[in-house]
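Peer 1: okay, sequence plus prediction incoming.
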Amino acid sequence: MMPILQVALDLLNAHRALNIAKDAVEGGADWLEAGTPLIKSEGMDVVRMLKQTFPDKTIVADMKTMDTGALEVEMAAKAGADVVCILGVSDNSTIIDAIKSARKYGSKIMVDLIGVMDKEKRVKEMEKLGVDYLCIHVGIDEQMIGKKPFDTLTSISKSTSIPVAVAGGLNSETVADAVKAGASIIIVGGAITKAKNVVKATKIIKKAVAEKKGIKTDLYKKYDKTELLHAFSKVSTPNISDAMHKQGAMHGIRPLRLGFHMVGRALTVNTLDGDWAKPIEAIDLAEKGQILVIDVNGGKKAVWGELATWSAKIKGLNGVVIDGAVRDLDDIIKIDFPIFCRHISSNAGEPKGFGEIGAEIECGGQTVRTGDWIVGDDSGVVVIPQEIAQEIANRALNVKEYENRIREEIKKGGSLGKVLKVKKWEKIIG
């Protein structure tokens, strides 16, 4: 069979999902999926809307059913779903009942293998039960930490006669690999639903699927641990703060001048008011590309100036963050080097040598360790703990791409409140 392009509508509001679906269909989408978040938000009504709007398209209801298989399949099928998704980790009794209900109401069952440890064993069991489709699925949260769907796709596709779907952060570069690995159904979400031009994005992916040839893109990618400098360079500090659930932002630390986008890993410095010895020593100890993060313990005398800035720039550092004071502002402004600080003062102290380099510090109200990622721009500075840096980089990119799509919808005549239906999502206090 020719590979099927299924578009996953993992949104919260029906009006946005329907508008994106219309463009996706124009671009060549074969199947339309009411994603789990959309179903939880809008209920079976959104499945009805999709079927009524696109009667000739296969409508997939991603119910992620794990219990009451017959009841949930009946609900979805009566609402217009042609395919209903059940979780492979469910008990066999749930899947058997779901299949019986699907046969009764004229729909088919796709079993999603997300969370299944022994996928090959479970596939054999699903064959015996008589499911219609299988899905190799790496969830959005798993994608953020670097998991990919291709690890088991090839072996599963070769071991079963059941059509296999694949989902998990696919874009125009990777869909061809999915087809080559044996997938019959290519499920694409964000690379279409977050696109500025959904019609164009769908056509490009459809072409890549048909020709089994990847088409290069700079969007909708997931980055590994070796690519974090590049990934963090693509996002803003507000993107990162949102990705960290409004955490990580330093308080009261501002850029000396606007226009920098500073990214690097921290080398921490702890010193006292006016004691500029350790900050200067840290320049020599730092590696190229690092960012000095200096805690002055509340001091307001300068521990950094023009000559230190020249030294850091020549050493190849990527910036300096000081929870304390800087002087020589007029000269520093002329040097193309990012500096973020709390105070500006003409007065400097003496190099007494108190403090230490490389220890855990607090800067702008945030704990910073050597090796943590630091990003600074006109909005301020955020710190990203090194052990979650890959996840946060990918989540921040997701935030940015989501906002790009919202911006396009506003430009088409909407407003932020109307696009997001803010009133609907205000917390009910009762």
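Peer 2: Good, I have the coordinates. Small disclaimer: the values here were computed from a predicted structure and weren't measured.
Peer 1: so how far is stretch 118-127 from its chain's centroid?
Peer 2: In terms of Cα atoms, centre = their mean, to the nearest Å, the centre of stretch 118-127 is found 30 Å from the chain centre.
Peer 1: could you list the buried residues of that stretch?
Peer 2: Burial within stretch 118-127, assessed by neighbour count using 16 or more other Cβ atoms under 10 Å, is assigned to 119, 122-123, 126. The C-beta positions use only the backbone N, C-alpha and C, and glycine is treated the same way.
Peer 1: do stretch 94-103 as well
Peer 2: For stretch 94-103, the neighbour count (16+ other Cβ under 10 Å) marks 94-95, 97-99, 101-102 as buried.
Peer 1: picking up where we left off before, can you lay out the buried residues of stretch 118-127 as CSV showing distance to Lys212?
Peer 2: Listed next are those as CSV, based on distance: Cβ to Cβ, whole Å:
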residue, distance to Lys212
Lys119, 24
Arg122, 28
Val123, 24
Met126, 27
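Peer 1: picking that back up, which of the buried residues of stretch 94-103 sits closest to Ala181?
Peer 2: Nearest to Ala181 among those: Ile95, at 25.0 Å, using Cβ to Cβ.
Peer 1: give me the pLDDT for the closest one.
Peer 2: The per-residue pLDDT reported for Ile95 equals 98.
Peer 1: so which helix or strand takes in it?
Peer 2: Secondary structure here is read from DSSP states H and E; on that basis Ile95 sits in helix 92-105.
Peer 1: what's that helix in contact with?
Peer 2: The contact list for helix 92-105, computed with Cβ atoms under 8 Å, 6 or more residues apart in numbering, reads 65-74, 77-78, 84, 86, 108-109, 111, 125-126, 129-132.
Peer 1: got JSON lines for the buried residues of stretch 118-127, with distance to Leu307 and pLDDT too?
Peer 2: Conversion of the buried residues of stretch 118-127 to JSON lines gives the following (distance: Cβ to Cβ, whole Å; pLDDT from 0 to 100):
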{"residue": "Lys119", "distance to Leu307": "61", "pLDDT": "93"}
{"residue": "Arg122", "distance to Leu307": "66", "pLDDT": "97"}
{"residue": "Val123", "distance to Leu307": "67", "pLDDT": "96"}
{"residue": "Met126", "distance to Leu307": "70", "pLDDT": "97"}
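Peer 1: closest to Glu387 out of those?
Peer 2: Nearest member of the buried residues of stretch 118-127 to Glu387, counting by Cβ to Cβ, is Lys119, at 28.1 Å.
Peer 1: quick one, what contacts the closest one?
Peer 2: In this structure, Lys119 makes contact with 113, 136, 152, 156, judged by Cβ under 8 Å, 6+ apart.
Peer 1: by neighbours, which of these wins?
Peer 2: Sorting the contacts of Lys119 by how many neighbours each has (other Cβ atoms under 10 Å) puts Ile136 first, at 29 neighbours.
Peer 1: packing partners of the one helix or strand that residue maps to?
Peer 2: Using DSSP H and E, Ile136 sits within strand 133-137. Using 3 or more Cβ pairs under 8 Å, 6 or more residues apart in numbering; DSSP states H and E as the contact criterion, the secondary-structure elements in contact with strand 133-137 are strand 108-112, helix 119-129, helix 150-159, strand 164-167, strand 185-188.
Peer 1: list the buried residues in the helix or strand bottoming out on mean pLDDT in the chain.
Peer 2: The helix or strand of the chain with the poorest confidence is helix 140-144; it has a mean of 77 (mean pLDDT, DSSP states H and E). Of the residues in helix 140-144, 140, 142-144 count as buried by neighbour count, 16+ other Cβ under 10 Å.
Peer 1: isn't Thr65 right up against Gly88?
Peer 2: No - Thr65 lies out of contact with Gly88 (Cβ atoms under 8 Å); the separation is 10.8 Å.
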